[in-house]
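*Asks:* fold the stuff below for me.
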Amino acid sequence: MSRTDDDAWDITESVGTTALAIAAARAAETDSDNPLIVDPFARLLVEASGDRTWTAFFDGTVPEEIADVDPELPVRMRSGVDYISSRTKYFDDFFLAAADDGVRQAVILGAGLDTRAWRLPWPDGARVYELDQPKVLNFKGSTLAGSGAEPPAVLVPVPVDLRQDWPKALDQAGYDASARTAWSVEGLLPFLPAQAQDLLFDRVQALSAAGSRVAIEAFGGDLVNSDSLRRQRAQMERYRVAAADIPKVEDLWYLEERADVADWLGRHGWDVTVITAQQLMADNHRSVPDHLGDAVPQSQFVTARR
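*Replies:* Below you'll find the predicted structure:
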């Protein structure tokens, strides 16, 4: 699953597998006793893909040979679900707050299997633009349409690679650069080269009218920390020895030093608020055992308004 400048993928390939993993975590949270978020479409999408790898992990039904490799795997996976559910709620709340403030245009960059266009209570007149690989958007759209689901917002799929000229594709899809916009960048940045990340925010800046806002999952130094990466790779390799069909997700990241997102936005005239993943989870009464800190990303969640 090595990356190239022009690689593409379906939902069960390369970066697409990470969208399945996130959907499986949302499905597990939805089915839990006290769910932080409810996504009625997550399990449908995972099951439609035919790939049960991530469902097994997050549902606690992994093969015994994998569980024997890591007795703490159930705690790790529960921590992962807690992180994803906290992250999901963060972005849900961001879009709902923007809508309450009268923003009627939303852009989800790297939408993957995100289902907010279908499951959030969007107000009349709201338009949601979803940008991602064509095969990913086609899979999600056809699966949900086949189930009879109808988004309450005006959903506008924009099939495009975010390393390419996505502003042109967004414009051709009817985007109004003069209107206030709510942007989200969730689970995306490690899959972009550092230069593409810089270009992405340059483009968001150019397309954002005054009063626009953006929410971002940003990643710090742990993404390129050699010790942390070595531990993660070694652990995943132990799992693969026991079950060789586990994808090498860690090979999909661009492990490059990159600009600090909060600093970049502040220098470009945005009012910025930052919360760490640890604090976000604590605010949602979720946590990770101290000795399993590597179980979730040491990320930051950045909200900014122009």
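
*Asks:* can you give me how far stretch 84-99 is from the chain middle?
*Replies:* Averaging C-alpha positions (C-alpha atoms, centre = their mean, to the nearest Å) puts stretch 84-99 12 Å from its chain's average.

*Asks:* how about stretch 64-76?
*Replies:* In terms of C-alpha atoms, centre = their mean, the centre of stretch 64-76 is found 25 Å from the chain centre.

*Asks:* could you list the buried residues of that stretch?
*Replies:* Neighbour-count burial for stretch 64-76 flags Ile66, Ala67, Val69, Asp70, Leu73, Arg76 (criterion: 16 or more other C-beta atoms under 10 Å). For every residue, glycine as well, the C-beta is placed using N, CA and C.

*Asks:* any idea how far the first one lies from Arg230?
*Replies:* Plainly put, Ile66 is 20 Å away from Arg230 if you go by C-beta to C-beta, to the nearest Å.

*Asks:* now do Asp101
*Replies:* Using C-beta to C-beta, Asp101 is found at 45 Å from Arg230.

*Asks:* ok, now Val103?
*Replies:* 43 Å.

*Asks:* who has more neighbours out of the two?
*Replies:* When Val103 and Arg230 are compared for neighbours, Val103 comes out ahead with 19 against 10, by other C-beta atoms under 10 Å.

*Asks:* mind listing what that one touches?
*Replies:* The contact partners of Val103, by C-beta atoms under 8 Å, 6 or more residues apart in numbering, come to Arg180, Thr181, Ala182, Gly211, Ser212, Arg213.

*Asks:* okay if I get those residues as a markdown table plus secondary structure and pLDDT?
*Replies:* As requested, the contacts of Val103 are exported to a markdown table (DSSP: H, G, I helix; E, B strand; the rest coil; pLDDT from 0 to 100):
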| residue | secondary structure | pLDDT |
| --- | --- | --- |
| Arg180 | coil | 98 |
| Thr181 | coil | 98 |
| Ala182 | strand | 98 |
| Gly211 | coil | 97 |
| Ser212 | coil | 98 |
| Arg213 | strand | 98 |
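
*Asks:* ok, of those, which come out buried?
*Replies:* Using 16+ other C-beta under 10 Å, the buried ones in these are Arg180, Thr181, Ala182, Ser212, Arg213.

*Asks:* which residues in the stretch 101-250 of the chain form strands?
*Replies:* Assigned strands in the stretch 101-250 of the chain, in chain order: 105-109, 127-132, 154-159, 182-185, 213-219 (criterion: DSSP state E, counting those that start in this stretch).

*Asks:* before we move on, the earlier item: ok, of the buried residues of stretch 64-76, which one's closest to Leu137?
*Replies:* Comparing the buried residues of stretch 64-76 against Leu137 with C-beta to C-beta places Arg76 closest, at 30.8 Å.
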